[in-house]
Each structure stands twice: as structure tokens, then as C-alpha cells.
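> A predicted structure for the sequence below; I have some questions about it.
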Amino acid sequence: MESLALGLPLLIGLIAVALLFDFLNGLHDAANSIATIVSTRVLRPQYAVAWAAFFNFIAFLFFGLHVAQTLGTGIISANVADARVVFGALTGAIAWNLITWGLGIPSSSSHALVGGLVGAGLAKAGFSSIVWSGLGKTAAAIVLSPMAGFLLALVLVLILSWMFVRTTPFAVDRLFRSLQFVSASFYSLGHGGNDAQKTMGIIAILLFSEGQLGSEFYVPFWVVITCQAAMGLGTLIGGWRIVKTMGSKITRLTPAQGFCAETGGAITLFMATGLGIPVSTTHTITGAIIGVGAARRVAAVRWSVANNIVFAWIITIPASGLIAALAYALVGLFG
């Protein structure tokens, strides 16, 4: 399996595995897009996922492909990412997604994929395979994206509290029940814009390594559309096991607070996508929800739940990387 010279079926099979990851990413991270709007009872779950899936799909109309470029060539060297490495990376990411989904833990699909690439790349070529600049900014985003979501949501809550201090709670609630449609749309756009591009990068580097793209790396349009559709379908089916954790176990939300959390998270995702940084939508919205709860009072946040989520963040890259390295080695036994 060192080369796709074995034929077109293997290439199609690996692309299908990549799209499976993209689908699971949408399913696993559906809660990121809909948890707040569902927990505030602005939309019923079945309508919320349809709303989020639509904006997931059309995200390619609003963003460039900087994140796809980073995942394709900025984590491990392009000349290392052959079919066996890609298979190992996807196996590690999918396995970790399924484990955390089954346990109801909102871990990061993004960092599972990054961990898979790193693990498979190390298994093949050691530390020389790593593009340290790309991995460094991705690792920094593990800390910075939830912090940015936290601070933006916190500031938004404080600003809105000052603006509506003389407005009745009923009027505020009614206004932000409408505005949450806007904030949820923006967050779903950011989710689709950042997360679907990661699979685009994987498929594109696979095609490039097999000589299908010529001498220059780029992302074909059919890859863009297919990845957005796979993620949208996954979101449509939904990750219900995680919705409860994201929407209510961390802190209780009002429509105004849900608006602040989604808007703070969306701004963070827009900035990261523009800079080509593959951040975690899970990290971002969790940080924003915690920021909203902390603005009310520190005791409003169930810190034990947040601590469990942070623990999942820390182990995601090494865990998915280990699974990817094992998958890479196992394929070698049959090659």
C-alpha cells in the first residue's frame, strides 16, 4: 500500500474513508453548532440540525482554502503523505472520534486528524516528517481558540448587560430568541468553513502524492463540494449524545447568553479560518459557553465538566497519533 499504483479502486477507497471522517466530523461536532440554540429552546433539535447543515454546506462560498492548504502541506511534509500515511491518519482520527462520541465527550475532530497525521508521519519518517511551523500554530490554537471564545463571549455579555439594563427580561428574551438565528448561522458557517477544509486538504494531498494534480498542490472544486456535502449530511444526522453536555451540563443559557456564546465562537472561527489555522470548533464553543457562564458568576459554570473536556483535549493528539501509528504499522504487515 506504499503507492496507489495498485489501481484506481484503492484511490477511490481512500477518498471514501476521508469522506467518512468528514461525515463523522459533522455528526460528532453537530452539537457545537446547535447546542446553544437547542438548550435555549429557540429551535427544536430536528430543525436546528437542518439549519446548521445548510450553513455548513454553503460555507465554501464565503471562505478561501487556507485551512486546506495547512492540512495538506503544513503538518507533515507533502512528500511523506503517501496512501499508507493518509490511511493511518484517517484511521487514528476516525477511531478517536468514535471513542469520544460513544462516551459523549466533546473532543476535537480537528486535532484528532492532526494527531493522526503526526502519528503516521512519525511512524514513516520520524521527526523529519513534521512541518514544525504548521504544527506549532495548530498547537498554539489549542490554547488560544478557547481563550478567544471565552473572552469574546464574556465581553459581549458584559456589553449587552449594560445596553439592556433598563429593558425587561421578557423583552430581552424575545429579541435574542430572534437574534440567535443569526448567531447560530454565523457559527455554523464558521464550523463548515474551518472543519470541512481539513478533509479537503487530506484528499488533495493524497491526489497530489499520486500525481493526480500535476506539479502544483491545489484543491479541486469537486473535492470542495463533496467535503462540504459530507459534513452537512453528518450535521443533519446530528451528534445527540454531546448536545446535552454542550448545551446544559456546562452552564444554563438564556437566549441572550446563547447569542453571545455563538457570536464569540463565530468571530474566533472566522479569524482562524482567514489565517489558515485548523482550530477546534469544540474548543471554541466550549470556551465561549464557559465565558458566558463566568460572566454571570463563577459558580454558574460546572467546572468539573469543563475539566473533563480539557482532559479530552490534552489527550486527543497523542491518542489519535498512537492509533494512526499502529494502523500505519499494521498496513505494512500486509504490504
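Done, it's in.
> any low-confidence regions in the stretch 101-250 of the chain?
Scanning the stretch 101-250 of the chain for pLDDT under 70 picks out 106, 238-250.
> could you pull out the strands for it?
Using DSSP state E, counting those that start in this stretch, no strands are found in the stretch 101-250 of the chain.
> helices along that one, start to end?
For the stretch 101-250 of the chain, the helices defined by DSSP state H, counting those that start in this stretch occupy 109-125, 132-163, 169-209, 221-237, 240-244.
> with just CA atoms, put the first one into CSV.
What that stands for is helix 109-125. As requested, C-alpha coordinates have been extracted for helix 109-125 and formatted as CSV (Å, rounded to 0.1, in the frame of the first residue of the first chain):
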residue,chain,number,x,y,z
SER,A,109,-12.1,16.1,15.4
SER,A,110,-9.6,18.7,14.1
HIS,A,111,-6.9,17.8,16.5
ALA,A,112,-7.7,14.1,16.1
LEU,A,113,-6.9,14.5,12.4
VAL,A,114,-3.7,16.5,13.2
GLY,A,115,-2.7,13.8,15.7
GLY,A,116,-3.3,11.1,13.1
LEU,A,117,-1.1,12.9,10.5
VAL,A,118,1.6,13.4,13.1
GLY,A,119,1.5,9.8,14.3
ALA,A,120,1.5,8.2,10.8
GLY,A,121,4.2,10.7,9.6
LEU,A,122,6.4,9.8,12.6
ALA,A,123,5.9,6.1,12.0
LYS,A,124,7.1,6.5,8.4
ALA,A,125,9.9,9.1,8.5
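> ok, and the closest non-adjacent residue to residue 276?
When the adjacent residues along the chain are set aside, residue 276 lies closest to residue 66, with 3.1 Å between them (Cβ to Cβ, 6 or more residues apart in numbering). The C-beta positions use only the backbone N, C-alpha and C, and glycine is treated the same way.
> picking up where we left off before, can you lay out the helices of the stretch 101-250 of the chain as a markdown table showing distance to residue 52?
Converted to a markdown table, the helices of the stretch 101-250 of the chain look like this (distance: least, Cβ to Cβ, whole Å):
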| stretch | distance to residue 52 |
| --- | --- |
| helix 109-125 | 15 |
| helix 132-163 | 17 |
| helix 169-209 | 4 |
| helix 221-237 | 5 |
| helix 240-244 | 11 |
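> isn't residue 192 right up against residue 61?
No: with contact defined as Cβ atoms under 8 Å, residue 192 does not count as touching residue 61 (10.0 Å).
> on the pLDDT front, check the residue nearest to residue 276 for me.
We have a pLDDT of 88 for residue 66.
> over to residue 276: give its phi and psi.
Main-chain torsions, residue 276, degrees, to the nearest 10: phi 80, psi 30.
> quick one: contacts for it?
Applying Cβ atoms under 8 Å, 6 or more residues apart in numbering, we find residue 276 in contact with 66-67, 69-70, 74.
> mind doing that once more with 7 Å?
For residue 276, the contacting residues are 66-67, 69-70, by Cβ atoms under 7 Å, 6 or more residues apart in numbering.
> now residue 123
Residues counted as contacts of residue 123 (Cβ under 7 Å, 6+ apart) are 88, 325, 328-329.
> apply the buried test to these and list what passes.
88, 325, 328 (16 or more other Cβ atoms under 10 Å).
> mind putting the residues you listed in CSV, pLDDT and secondary structure included?
Below are the buried ones among the contacts of residue 123 laid out as CSV (pLDDT from 0 to 100; DSSP: H, G, I helix; E, B strand; the rest coil):
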residue, pLDDT, secondary structure
88, 93, helix
325, 96, helix
328, 94, helix
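> arrange those residues in CSV, one row each, with distance to residue 109 as further columns.
Listed next are these as CSV, based on distance: Cβ to Cβ, whole Å:
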residue, distance to residue 109
88, 17
325, 19
328, 20
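> looking at the residues you listed, which is nearest residue 312?
Taking Cβ to Cβ as the measure, residue 312 sits nearest to residue 325 out of these, at 19.9 Å.
> got a list of what that closest one touches?
Residues near residue 325 by Cβ under 7 Å, 6+ apart: 88, 119-120, 122-123.
> from residue 331, how far out is it?
Counting by Cβ to Cβ, to the nearest Å, the gap between residue 325 and residue 331 amounts to 11 Å.
> report the set of residues contacting both of the two.
With contacts taken as Cβ under 7 Å, 6+ apart, the residues that reach both residue 325 and residue 331 are residue 88.
> check contacts around the closest residue to residue 141 other than its chain neighbours.
Residue nearest to residue 141 in three dimensions, not counting chain neighbours: residue 279, with 4.5 Å by Cβ to Cβ, 6+ apart. With contacts defined as Cβ under 7 Å, 6+ apart, residue 279 is in contact with 110, 141, 145, 194, 269, 272.
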